[in-house]
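Okay, here's the prediction I keep looking at, along with the sequence it came from:
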Amino acid sequence: MGKVDVWQGTLALMILKTVEALGPLHGYGIARRIEQTSGKKLVVNYGTLYPALLKLEQEGYLATEWGTSENGRRARFYRLTRAGRRQVARETQQWEEATSILARFLSPEEPAS
Amino acid sequence: MRSLRAFLLRLVDPFRRSRRERALDEELNANLALHIEENRRGGMSEDEARRVALMKLGGLDQAKERYRDRRGLPVLDALRQDIGQALRVARGNPGFTAVAIATLALGIGSTAIIYSVVRDILLDPFPYVHQDRMVDVVLRDMSTTRVLRGALPGPEFLDYQEQSTSFEAVLGTETSSVHYVSDDGAERMRAVWVTPNMFSFLGVAPLAGRAFTEEDGKPSSPCVAELSHRTWIGRLGANPDLVGKTVRLDGKPCTIIGIMPPRFEWHVGDLWIPSPIVRSTSAGQLNNRWFQARLRPGISVEAAEAELSAIARRRAELFPTEYPKQARIDVITVIDWVVGRFRSVLYTLFAAVGLLLFIACANVANMLLARGTARERELLVRVALGAGRARMVRQLVIENLLLAVGGGIGGCLLAFGGIRALSVWMPRQNVPWETTLRLDTPVLVFASATAILSTVIFGLYPALLGSRRDVAEMGVQSRGGSATRRQARIRGGLVVAEVALSLILLLGTGVLVRSFVSLLNVDLGFDTSHTMLTRLAFAPGSYETVESRLRVYREVLDRVGRLPGVSSVALSNGMSAFGGFEAAIAANGRPADERPMAFVKAVSEGYRASIGLGLLAGRDLTLADLESSAPVALVNQTFARRYFGTDNPLGRAITVSTSADDEPAFSATEFVVVGILKDAINDNIREPVMPEAVVPLSFYRPPRVGLTVRTTGDPLSIAGAVRREARAIDENIALTPPVALDAAVYEGFYAQPGFVLIVLGMFAVTGLLLVAVGIYGVLAYTVSQQTRDIAIRLAVGGEQGDILRMVVTRGLRLVGVGVALGLFSSLGTNRLLESQLWHTSPHDAVALSTVVTLIVVVGVLACLLPGLRAMRIEPMAALRQE
């Protein structure tokens, strides 16, 4: 299986989860982290990432501030807001429910009733 | 919630774009730098690291573009572009834009103005409750349509009130002038006696103080009065302490108990005094009241009239002398009573402005159609370059909306300004005193909506036409296709309609001009220039004896006559030139006639000279006639003709019998005719001259007299001196505000027709200009469409003259059809003007021929310009361009 592009709905959750796990992070860091976590199976396109970050910011789940990156450059850091934290919990739960339902359809040994 | 927050942020994005753009650059650059650094750490060369990083970014500009789409609202951005484009189009063709906006503004503005006037004068003039059910009841002479009896004597009034069931409430009103003396000197006030139910009848509460009650109206109660706001502000210095004060009216004390709000102008009083009606024929003048009533809901004017007529018939059997046989009860709504003939005037203007709005819309439509077709090529190119249909339609809608909004704003400005101007300039004659002109917002919205809709619809027409066709087909057919022919028909039709409507307007104005000219040409028979009029009133109880009254008259004449700049001065009962007593005359062996009566005027010796009446035979009244006990009279030509026929009236006696109510009575009834006056207008400029007799003032000595002063300079400049002289004789003599005779005559007879004429004239001229623009537009467009055909004709040897003739003929054909249609319709529409015309036929030949000539000349001029352009087409240059 080759590398796949991340699709929008899940990208938001991945971003939020990443920021939750690592604390304030710049866009490049978020992209790298998502790629690493996926075992390099996902490619994060910046043309998709930045609009997604912007959307989360506009919705109030992320806050941004300017800080200094590890190479000493000025960079924008994304931080989870309280609303963002609640959103992570909510989305995680929804996602888990959705996948468990889907898993039942996909598992071949599920008896038909 | 969250998405709403996001939406709002995106909405405001355009306002913080540049800062955000810099931030985006910085963020992406930081990202790039981090990436490059990491690649370098992975062992890549500098160039390699940058290349890989850029690739990964997936194109810097695409990333930015997607980011921007998320940041703002793409729809909004497109809209901004469209508006910018529309503004560029508008600026690129300033002539077109200006004409379109001005046309729309004129249509919208004038419609809003005239409708507001109609509403404030005809539909909703009064601040009173149930004004639509308020009626006047009068006794009218059917043979002359004159009012026989307006104020009804107490018993008659009460019979109508008590025996009828048509009315919910009845109010009895009579006005009289009272002497009001304050520290500033004497003045006359207009006192209005009303039945005590005035407040419940009119539904208006006083602004300050209290309303009067039934109790206040009892004969035993002390006199109380409500004060008018206008008088309170204008004449009494807006003194708030006035409420509760006692003033002297005709020497008797009366307490001001309240001040009425502005616009309360019932019978245009200065004061309103409660006074019930009594069943007595000898209770004096103030027991005669105007019968004004509120119809019960559902009762028609005709039903009330029938009921009252039946009551009147019963009374006529008991009191036959009160009801001459041509007398008839007339129930008329209060608005009709006040507005009278002005109603049809206003509706005429309203119809005219409707036509103008239509012409304006047609014209803008025409201009837009022409432009749309001319721009077909531009649209074609844009479609070919990939512009979406929806986006193109939207672009056109926005362009036209921009014009419409411009026109709407212009129209609002015009309407606001126009209403202001009108409220100053419109003659108050036949306009209720209660009327204040305000702009009517709903109609402004209606007119704007009409104009905007027609603009957008016609502006869109070519786009819709274009979008129905293929780009390829458009390319082939961009010249002379079937759709273009259909458009030409529409545009031709619009021009024909414009010409017809404009002709109707012009014809209406034309006959009004003719009528106004014949009014101007009426020989008044007297000289209005350099003449000042005022009235003097003596305080009640003063100059009661014959000698003292004659002495004070003489003193006024002497003192005013001695003032520098005064060439002649006279006293008369009532204002000079007009009116006088209505008296029945017995003469030449004929008994006194009932109606029509003659006017009798009592004057001092300088009367004829001070208003410049002509003397045809005999002699003028002299000082000796005023001092003599021999009664003499001057009569006018109409009088001589009516009562003496072909006989010579000089030296013959006439017997004057006036009504018993007139006080004081004449001290003689038989007068010998000593002179014949040239006929002069003495009633109304539109009415025939009434028979008139002029007798010496010494035989009738009223406590109020008109003063006529002929001056050598500006007549009003003498007013202050005249007032000082009167006060010097007796500071309790009251003067009414002086007027110049010429101004009074203008106000009375010419102001209203002049007003209608000017307003209608402005509409007609505007209409004509619009038509000229319309014709020009259509032909100019046709010529530009046919440039190639014309060039070919010229190239193969066609005559330039033929080309010109072809273009002009096409234009004139439209004009001709329009004129024919307009003439045909004006047969009907000009009839509507009949009531406003005077000695002029609604189909006046001079007006007709002038107007048709005018419109044809304008038509030819409008055709000539594009015709000449067609003639001068350079065949080679034009063909190369194709």
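Arrived safely. None of the values given here were measured: they were computed from a predicted structure.

residues in contact with the closest residue to residue B:531 other than its chain neighbours?
Once flanking residues are discounted, residue B:531 sits nearest to residue B:741: 3.9 Å by C-beta to C-beta, 6 or more residues apart in numbering or on different chains. For glycine as for every other residue, the C-beta is placed from the backbone atoms N, C-alpha and C. Shown in contact with residue B:741 (C-beta atoms under 8 Å, 6 or more residues apart in numbering or on different chains): B:528, B:529, B:531, B:532, B:533, B:576, B:577, B:611, B:708, B:715.

Which of the residues you listed scores worst on pLDDT?
Among those, residue B:576 has the lowest pLDDT, at 71.

Neighbours of residue B:673, how many?
24 (other C-beta atoms under 10 Å in any protein chain shown).

May I see the buried residues of the longest helix along chain A?
Secondary structure of chain A per DSSP state H: the longest helix is helix A:82-106. Going by neighbour count (16 or more other C-beta atoms under 10 Å in any protein chain shown), the buried part of helix A:82-106 is A:83, A:84, A:87, A:88, A:91.

isn't the last one right up against residue A:13?
Yes: using C-beta atoms under 8 Å, residue A:91 makes contact with residue A:13 at a distance of 4.9 Å.

list the buried ones in stretch B:393-406?
With burial defined by 16+ other C-beta under 10 Å, the residues of stretch B:393-406 counted as buried are B:395, B:396, B:397, B:398, B:399, B:400, B:401, B:402, B:403, B:404, B:406.

Out of these, which sit inside strands?
Among these, DSSP state E puts none in strands.

could these go into CSV alongside distance to residue B:43 and pLDDT?
What follows is the buried residues of stretch B:393-406, written out as CSV (distance: C-beta to C-beta, whole Å; pLDDT from 0 to 100):
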residue, distance to residue B:43, pLDDT
B:395, 55, 80
B:396, 60, 80
B:397, 60, 82
B:398, 57, 84
B:399, 60, 84
B:400, 64, 84
B:401, 62, 85
B:402, 61, 86
B:403, 66, 86
B:404, 67, 86
B:406, 66, 89
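
Can you list which of those residues are found in helices?
Using DSSP H, the buried residues of stretch B:393-406 in helices are B:395, B:396, B:397, B:398, B:399, B:400, B:401, B:402, B:403, B:404, B:406.

Go through these and name the one nearest residue B:277.
Closest approach between these and residue B:277, by C-beta to C-beta: residue B:404, at 59.7 Å.

what's near enough to touch the closest one?
B:104, B:448, B:451, B:452, B:455, B:456.

Confirm that the third one sits in a strand.
In other words, residue B:451. No: according to DSSP: H, G, I helix; E, B strand; the rest coil, residue B:451 belongs to no strand; its state is helix.

shaky segments in chain B?
Counting by pLDDT under 70, chain B shows low-confidence ranges at B:1, B:57-59, B:373-374, B:461-484, B:579, B:593-596, B:659-664, B:881-882.

Would you mind naming what in chain B lies close to chain A?
B:2-3, B:5-6, B:9-10, B:23-24, B:26-28, B:30-31, B:33-35, B:37-38, B:56-59, B:62-63, B:66-67, B:69-71 (C-beta under 8 Å from any C-beta of the partner chain).

Buried ones among the residues you listed?
Listed as buried from the residues of chain B next to chain A are B:6, B:9-10, B:24, B:27-28, B:30-31, B:33-35, B:37, B:56-58, B:63, B:66-67, B:70-71; burial here means 16+ other C-beta under 10 Å.

can I get the CA coordinates of the top strand by length along chain B in PDB?
The longest strand of chain B (DSSP E) is strand B:167-182. Only the C-alpha atoms of strand B:167-182 are listed here, as PDB (Å, rounded to 0.1, in the frame of the first residue of the first chain):
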ATOM      1  CA  PHE B 167     -74.800  61.200  12.300                       C
ATOM      2  CA  GLU B 168     -72.800  60.000  15.200                       C
ATOM      3  CA  ALA B 169     -71.900  63.400  16.400                       C
ATOM      4  CA  VAL B 170     -72.600  67.000  15.300                       C
ATOM      5  CA  LEU B 171     -70.500  70.100  15.800                       C
ATOM      6  CA  GLY B 172     -71.700  73.700  15.400                       C
ATOM      7  CA  THR B 173     -69.100  76.300  14.600                       C
ATOM      8  CA  GLU B 174     -69.100  80.000  13.800                       C
ATOM      9  CA  THR B 175     -66.300  82.400  13.600                       C
ATOM     10  CA  SER B 176     -66.100  86.100  14.200                       C
ATOM     11  CA  SER B 177     -63.400  88.700  14.600                       C
ATOM     12  CA  VAL B 178     -62.900  90.000  18.200                       C
ATOM     13  CA  HIS B 179     -60.900  93.000  19.500                       C
ATOM     14  CA  TYR B 180     -58.000  91.900  21.600                       C
ATOM     15  CA  VAL B 181     -56.100  94.600  23.600                       C
ATOM     16  CA  SER B 182     -52.800  93.800  25.200                       C
END
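
Run through the neighbouring helices and strands of it.
helix B:154-163, strand B:185-194, helix B:198-202, strand B:246-249, strand B:289-295 (3 or more C-beta pairs under 8 Å, 6 or more residues apart in numbering or on different chains; DSSP states H and E).

again, only this time at 7 Å
Using 3 or more C-beta pairs under 7 Å, 6 or more residues apart in numbering or on different chains; DSSP states H and E, the elements in contact with strand B:167-182 are strand B:185-194, helix B:198-202, strand B:246-249, strand B:289-295.

just these: most buried one?
strand B:289-295 (a mean of 23; mean count of other C-beta atoms under 10 Å in any protein chain shown).

Report the beta-bridge partners for residue B:603.
Note on residue B:603: beta-bridge partners by DSSP bridges are residue B:572, residue B:696.

ok, it - contacts?
Residues in contact with residue B:603 (C-beta atoms under 7 Å, 6 or more residues apart in numbering or on different chains) are B:570, B:571, B:572, B:621, B:694, B:697.

between those residues, which is nearest chain A?
residue B:572 (88.4 Å; C-beta to the nearest C-beta).

Pretty sure residue B:706 is one of the things that closest one touches, is it not?
Yes: counting by C-beta atoms under 7 Å, residue B:706 is a contact partner of residue B:572 at 5.0 Å.

what about residue B:257, helix or strand, and which?
In this assignment (DSSP states H and E), residue B:257 forms part of strand B:252-259.

Return the distance of the helix or strand that comes right after that strand from the chain's centre.
Sequence order places strand B:271-274 as the next helix or strand after strand B:252-259, per DSSP H and E. Relative to the chain's own centre, strand B:271-274 is displaced by 32 Å; criterion: C-alpha atoms, centre = their mean, to the nearest Å.
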